[in-house]
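Asker: I would like to see how this sequence folds:
(2 chains)
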Amino acid sequence: MNADVTPMNADEGMRAVAIAAVLGSGCATLSLEQAPLGPPGDAARGREVFVSREGGHCVLCHRVPGVRVAGDVGPALEGIGTRLSPGEIRYRVVDITRLNPEAVMPAFHRTEGLARVAPAYAGRPVLDARQVEDVVAYLGSLR
Amino acid sequence: MLFLAAFACAAVAQEPKRPSPLKPGPEFQSPDVRALQADDFANPGMLWVARGGELWRAPGANGKRCADCHGADAASMKGVAARHPRHDPSLGRLTDLAGRIEACRSRHQGSPDLARESPEALALEAFVAHQSRGLPVAVSTDGPAREAYERGRSLYVARVGQLNLACTHCHDERWGRTLLAEPISQGHPTGWPAYRLEWQSLGSLHRRLRACFFGVRARQPAAGSEELLALELYLADRARGLAVEAPGVRR
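Answerer: Predicted structure coming up:
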């Protein structure tokens, strides 16, 4: 940090660094990983999380091999396990708006900063830690 | 730190991208649903229109009929649905067509309030809205309506619910794509009240909007609330020029 930044308080300094990092790499190309939220997940359970309404209902937006009825609001996830590491997949499932604030995909493991959540869901993430790990294991297996 | 990085990307204007070209709701329905809407003898919504016509000619609590003030054939209602919601000077507030009909019933007919989604309220609304079929939406967002319009626009772009989505994400940015098996339209209000096959009934626009709030797991505004009226005004302005289609038919 050079002397020009010294009038800033610590927070502003942090922001400057962050902005520099983003400008340097471009929002979409940041390679960010997230550590596991718990023990390794199970791909079969993860497939269930992916398709079921009570789970993530990811099929609303994503096609995957072997599932007939699925939407196309998001990209098809065939072969996602070869394009992204488990840590990168987890990073996106937990809260993809950290990569791109304009993202359309819901933040599946975040409870803060949400507005107007229906009482039945308030304070709860869409997916709990185990479901996140299961779905990460499932997507990692799509090669 | 990462959080701050996200904000650095966030400095993008909040004026929603409007859909272009404008496409009415039926273009996103299957051919059989479209055919149902287009044929007055098959369109189930026409049953409500017919029932509304009977209520139009039936005496209110004080013996007066809608027809006594507005004419038996309701030609005077042509264009009314196309300019609602609207700031009504006699009420001093923004009102949608349902609210305007309700006001006439209580003020001029001394009739007891109808519940918003009751069969009678829907029938009268469908009957009146039907008179504007084919006319372009032309609401006013100036003067006293401005504040509601701005509020509607803010609601339209606000991420809500556990699924953290705004109307604009689906209806401006992703229309034409498919959610599970359902094509996402541009979200125009022009077909309402509409017969929805899933409901097996005619239903109001506010009921449809509440379903979208429910879908993203958000607290739903009440039918007839200021929030939904404001949102409806924003949607109507956004659909300016599209024709009123009531009663529509939807999946």
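
Asker: In space, not sequence, find me the middle residue of chain B.
Answerer: Central residue of chain B (Cα atoms, centre = their mean): B:Leu205, 3.7 Å from the mean position.

Asker: Assign a three-state SS to the residue lying closest to that one once chain neighbours are set aside, would you?
Answerer: Using Cβ to Cβ, 6 or more residues apart in numbering or on different chains and skipping residues adjacent in sequence, the residue nearest B:Leu205 is B:Trp192, 3.8 Å away. (C-beta placed from N, C-alpha, C; glycine too.) When classified by DSSP: H, G, I helix; E, B strand; the rest coil, B:Trp192 comes out as coil.

Asker: right, and B:Trp192 touches B:Gly248 too?
Answerer: Yes: here B:Trp192 reaches B:Gly248: they are 6.4 Å apart, a contact under Cβ atoms under 8 Å.

Asker: residues touching the nearest residue to B:Gly187 once chain neighbours are set aside, list them.
Answerer: Excluding the flanking residues, the one nearest B:Gly187 by Cβ to Cβ, 6+ apart is B:His171, at 3.3 Å. Neighbour list for B:His171: B:19, B:184-187 [criterion: Cβ atoms under 8 Å, 6 or more residues apart in numbering or on different chains].

Asker: Check the residues you listed and tell me the two furthest apart.
Answerer: Spatial extent of the contacts of B:His171 (Cβ to Cβ) is set by the pair B:Pro19 and B:Ile184 at 10.8 Å.

Asker: what's the overlap in contacts for the two?
Answerer: With Cβ under 8 Å, 6+ apart, B:Pro19 and B:Ile184 have common neighbours B:171, B:175.

Asker: hang on, the earlier thing: nearest to A:Arg83 among the contacts of B:His171?
Answerer: For the contacts of B:His171, the nearest to A:Arg83 is B:Ile184 (26.0 Å; Cβ to Cβ).

Asker: surely the closest one meets A:Val73?
Answerer: Yes: B:Ile184 is within contact range of A:Val73, at 7.5 Å (criterion: Cβ under 8 Å).

Asker: anything in contact with each of these two?
Answerer: B:170, B:174, B:177-178.

Asker: Which of those fall within strands?
Answerer: B:Thr178 (DSSP state E).

Asker: top of the shared contacts of B:Ile184 and A:Val73 by neighbour count?
Answerer: The residue in these with the most neighbours, by other Cβ atoms under 10 Å in any protein chain shown, is B:Cys170 (21 neighbours).

Asker: got the contact list for it?
Answerer: A:73, B:179, B:184, B:187.

Asker: The second one: neighbour count?
Answerer: Using other Cβ under 10 Å, B:Leu179 is surrounded by 17 other residues.

Asker: for A:Ala44, same thing?
Answerer: Neighbour tally, A:Ala44, other Cβ under 10 Å: 11.

Asker: Where does it sit: helix, strand or coil?
Answerer: helix.

Asker: what's the answer for the one 10 residues further on, then?
Answerer: Assigned state for A:Glu54: coil (three-state reduction, three-state DSSP).

Asker: Any regions of the stretch 101-250 of chain B where pLDDT drops low?
Answerer: Counting by pLDDT under 70, not a single residue of the stretch 101-250 of chain B qualifies.

Asker: circling back: kindly indicate the member of the contacts of B:His171 with the most neighbours.
Answerer: B:Gln186 (23 neighbours).

Asker: element containing that residue?
Answerer: Here B:Gln186 sits in a region with no helix or strand, counting by DSSP states H and E.

Asker: burial count for the residue nearest to B:Leu205?
Answerer: 31.

Asker: List the contacts of it.
Answerer: Contacts of B:Trp192 (Cβ under 8 Å, 6+ apart): B:129, B:203-205, B:208, B:246, B:248.

Asker: Widest-spaced pair of those residues?
Answerer: B:Ala129 and B:Arg208 (14.0 Å).

Asker: Look at these two and report which has more neighbours.
Answerer: B:Ala129 (30 against 19).

Asker: tell me which strands and helices the helix or strand the more buried one falls within is in contact with?
Answerer: Here B:Ala129, judged by DSSP H and E, is contained in helix B:119-130. Applying 3 or more Cβ pairs under 8 Å, 6 or more residues apart in numbering or on different chains; DSSP states H and E, one finds that helix B:119-130 contacts helix B:45-56, helix B:97-109, strand B:201-203.

Asker: Kind regards, and thank you for your time.
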